[in-house]
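In: The following comprises the amino acid sequence and a computationally predicted model.
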Amino acid sequence: MSTTPKQFGQTVGDSKANAADNEYVLGTGADELARLGLQHRLWADAAHAAWKIGRIGPGARVLDVGCGPGYAAFDLASLVGPQGEVVGVDESSRFVGWMNHQAAVRGLGQVRAVVGDVHGLGALLPGRAATFDAAYARWVLCFVSRPAEVLRGVADLLKPGGRLIVHDYFNYTAMTMAPRCRSHDRAVAATAASWRERGGDPDIVGRLGRLLAECGMSIDHLHVHQRVARGHPDLSKRDPMFAWPDTWWRTYAPKLVEMGKLSRADCDELIADLERIGSSTTDFVMVPPVFEVVAVKA
Ligand SMILES: C[S@@+](CC[C@H](N)C(=O)[O-])C[C@H]1O[C@@H](n2cnc3c(N)ncnc32)[C@H](O)[C@@H]1O
């Protein structure tokens, strides 16, 4: 995938963050753009299954909350078809620029993205109250500081009977190498601390039922995906899921070092342990549990 097209007067895939761009804790550079693409491929099966439970089909109008570069949105576009609509909102002008450019290149008139903070959805989408059949929020509620406000905005935009589908974290720090490994435990704790410091919550799904009830929504479906990732010395035999923790740590551990949350030596030890597990036939990584919620607006 090319990651450096010039568009809308900016380089979308620059590896360095643009100071003018609103940035979430993981960054919006070329490394994160590529990582999100890989992450979507690994989790697309879960997304499609949840969208089916959320009754997203032809003609549906869908809001993608914190859409990133739109990897899920383009799959949603194929489900809703040309009679439907997919509207993404993300605070990153890089990701939104990328998504709108891709929509134009692919001739998908039913897809558009808007730059903005998901804490203010009503103001970002004026005149759209009670017009969406469904909303999807994957790995965004764990990064926002006021999830109640985000959920209130989503509830207002949904039609009565409309559904919010969420994939997000609870018990994030359950992620572990097996056997347990000091460098990994340290990095997982540092990650959770870095999100909390920026107002996020790696346990957000634990609070979701109560927050949804406060805005007139109830959980219809609750499920957890717990996956494991095994390595192998022969790359062709390696579990594809191994690429998830592998790219995660290679992207985020250096950021933790920059933030002062991990020492350079800790980071090097983690990468060495990752390489050891990647070519092991005995050990594995238990990736973070991903919770799936489908909630209905009364
Ligand atoms: C881990 S990415 C997930 C992207 C996409 N939902 C997916 O699953 O591929 C989190 C996204 O949330 C966006 N984000 C975080 N906080 C936000 C906020 N307050 N308002 C709008 N977008 C936000 C980030 O810019 C980023 O694109």
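Out: Here it is on my side, so go on.

In: drop to CA atoms for contacts and neighbour counts, all remaining ones
Out: Fine.

In: Show me what the top helix by length along the chain is packed against.
Out: Within the chain, and with DSSP state H defining each element, the longest helix by residue count is helix 30-53. Helices and strands touching helix 30-53, as assessed by 3 or more CA pairs under 8 Å, 6 or more residues apart in numbering; DSSP states H and E, comprise helix 71-80, strand 158-169, helix 243-258, strand 290-297.

In: Repeat the analysis, applying 7 Å as the threshold.
Out: helix 71-80, helix 243-258 (3 or more CA pairs under 7 Å, 6 or more residues apart in numbering; DSSP states H and E).

In: Skip ahead from the shortest one and say which helix or strand is next.
Out: Next along the chain after helix 71-80, taking DSSP states H and E as the criterion, comes strand 85-90.

In: and the helix or strand just after that next one, does that touch the ligand?
Out: With elements assigned by DSSP H and E, the helix or strand that comes after strand 85-90 is helix 93-105. No: counting by CA under 6 Å from any ligand atom, the ligand is not contacted by helix 93-105; separation bottoms out at 6.5 Å.

In: and helix 93-105, C-alpha only, in PDB?
Out: Extracted in PDB, the C-alpha atoms of helix 93-105 (Å, rounded to 0.1, in the frame of the first residue of the first chain):
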ATOM      1  CA  SER A  93      -7.400  15.600   9.200                       C
ATOM      2  CA  ARG A  94      -4.800  13.200   7.800                       C
ATOM      3  CA  PHE A  95      -7.000  10.100   8.200                       C
ATOM      4  CA  VAL A  96     -10.100  12.000   7.000                       C
ATOM      5  CA  GLY A  97      -8.200  13.300   3.900                       C
ATOM      6  CA  TRP A  98      -7.000   9.800   3.200                       C
ATOM      7  CA  MET A  99     -10.500   8.400   3.500                       C
ATOM      8  CA  ASN A 100     -12.200  11.000   1.300                       C
ATOM      9  CA  HIS A 101      -9.500  10.600  -1.300                       C
ATOM     10  CA  GLN A 102      -9.900   6.800  -1.300                       C
ATOM     11  CA  ALA A 103     -13.700   7.200  -1.600                       C
ATOM     12  CA  ALA A 104     -13.300   9.400  -4.600                       C
ATOM     13  CA  VAL A 105     -10.700   7.100  -6.200                       C
END
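
In: Please enumerate residues in contact with the next helix or strand after that helix?
Out: For helix 93-105, the succeeding helix or strand toward the C-terminus, using DSSP H and E, is strand 111-115. Residues from elsewhere that reach strand 111-115, judged by CA atoms under 7 Å, 6 or more residues apart in numbering: 77, 85-93, 96, 99-100, 103.

In: Need those residues in CSV (columns: neighbour count and pLDDT).
Out: What follows is the contacts of strand 111-115, written out as CSV (neighbours: other CA atoms under 10 Å; pLDDT from 0 to 100):
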residue, neighbour count, pLDDT
77, 26, 98
85, 25, 98
86, 29, 98
87, 21, 98
88, 27, 98
89, 25, 98
90, 23, 97
91, 19, 96
92, 24, 95
93, 25, 94
96, 25, 96
99, 24, 96
100, 22, 97
103, 20, 97
